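In: missing the sequence, but the structure's below:
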């Protein structure tokens with residue numbers, strides 16, 4: 001059996017460990033109260049003002065809290081849910097109210113990785129994905145789950161294994177957008193009741209076994225070779241067709257063939273010092289073709305009958 005992957009450490013940190021930002025406003029008010037009480041003590045020479053000032057400053061510091069715009073705070077009073085507070089400044093009753101959890105409502109990411117998961121066509125693959133999610137209902141996320149961040153990671157992992165197991169390898173490699181949408185919808189259905197919204201799911205990588213990669217590489221190479229051979233055969237077929245048409249033309253006009261031979265020999269003999277050996281019959285044929293071409297050049301362009309090429313001696 002393949003080992004189940006270990007969940008990311010970031011997803012195992014409970015939300016209640018998140019702390020509130022430093023409240024400089026309450027600290028400033030408490031400091032001002034202490035200074036004012038110290039001034040009254042020095043003016044009226046009564047130490048009771050200092051003690052009262054310290055107590056009042058402590059109460060201000062304990063009752064006046066602050067959270068950021070993206071945070072919500074769950075307040076318990078004597079163990080009962082008092083409600084959510086934030087963002088900004090809010091008051092609690094010291095020693096009676098308790099801040100139980102701080103929820104971050106920004107979009108967060110959870111990396112998910114599965115190892116040696118079998119697809120529908122029994123191919124073991126390693127899949128890496130990222131889940132983008134956020135808390136839209138902090139009260140439900142805190143009260144219904146002990147650790148909603150770890151729960152989102154577990155749900156994302158199990159859903160990814162289910163989708164990979166029900167998909168073919170070709171679908172995982174070629175249709176990732178559809179797989180991403182299917183994963184998002186399935187995880188959304190499971191986490192919606194927890195107050196968690198899944199924004200998107202993206203598959204980053206699909207790793208194949210080395211043996212399968214070699215087989216696919218050989219298959220792709222064979223496909224390329226087959227396409228190259230088909231293209232070459234098609235080109236040779238077209239060349240043969242054109243040669244057949246040229247052969248019919250030369251068969252109907254042998255002089256044209258002889259003139260073609262003369263032209264080829266001329267092209268070959270462009271560079272001086274080239275020696276060309278040819279059969280005697282070909283040379284005789286070229287001589288007759290040359291005589292025919294010379295006879296055609298002596299024809300008068302404006303006469304209706306051929307001109308006399310020589311005189312007959314009697």
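Out: Now that the structure is in, tell me what you want to look at. Bear in mind the structure is a predicted one, so any value in this text is a computation, not a measurement.
In: quick one: the helices in the chain?
Out: In the chain, helices defined by DSSP state H lie at 24-44, 48-63, 138-144, 148-165, 169-174, 176-191, 210-252, 254-268, 280-297, listed in chain order.
In: between these, which gets nearest to residue 82?
Out: helix 138-144 (11.1 Å; CB to CB). Any C-beta I mention is one placed from the backbone N, CA and C, and that applies to glycine too.
In: who does the closest one touch, helix- and strand-wise?
Out: When contacts are defined as 3 or more CB pairs under 8 Å, 6 or more residues apart in numbering; DSSP states H and E, helix 138-144 sits against strand 71-77, strand 80-85, strand 97-104.
In: ranking the helices of the chain by mean pLDDT, which is last?
Out: Of all these, the minimum mean pLDDT falls on helix 280-297 (a mean of 58).
In: out of the helices of the chain, which one sits most buried?
Out: Stretch with highest mean neighbour count among the helices of the chain: helix 148-165 (a mean of 21; mean count of other CB atoms under 10 Å).
In: that helix: how far from the chain's middle?
Out: Distance of helix 148-165 from the chain centroid (CA atoms, centre = their mean, to the nearest Å) equals 21 Å.
In: stretch 185-203 too?
Out: Its chain's C-alpha centre and that of stretch 185-203 lie 21 Å apart, by CA atoms, centre = their mean.
In: can you pull the domain assignment for the chain?
Out: 17-101, 108-208, 210-249, 253-296 (automatic domain parsing).
In: where's residue 162 relative to residue 206, distance?
Out: 16 Å (CB to CB, to the nearest Å).
In: please read the previous query as pertaining to residue 232.
Out: The value you get for residue 232 to residue 206, if CB to CB is used, is 35 Å.
In: next: residue 235.
Out: 38 Å.
In: now swap in residue 255 and tell me
Out: Computed as CB to CB, the residue 255 to residue 206 distance reads 69 Å.
In: pretty sure residue 89 is touching residue 60, no?
Out: No - the criterion here is CB atoms under 8 Å, and residue 89 misses it with residue 60 at 11.7 Å.
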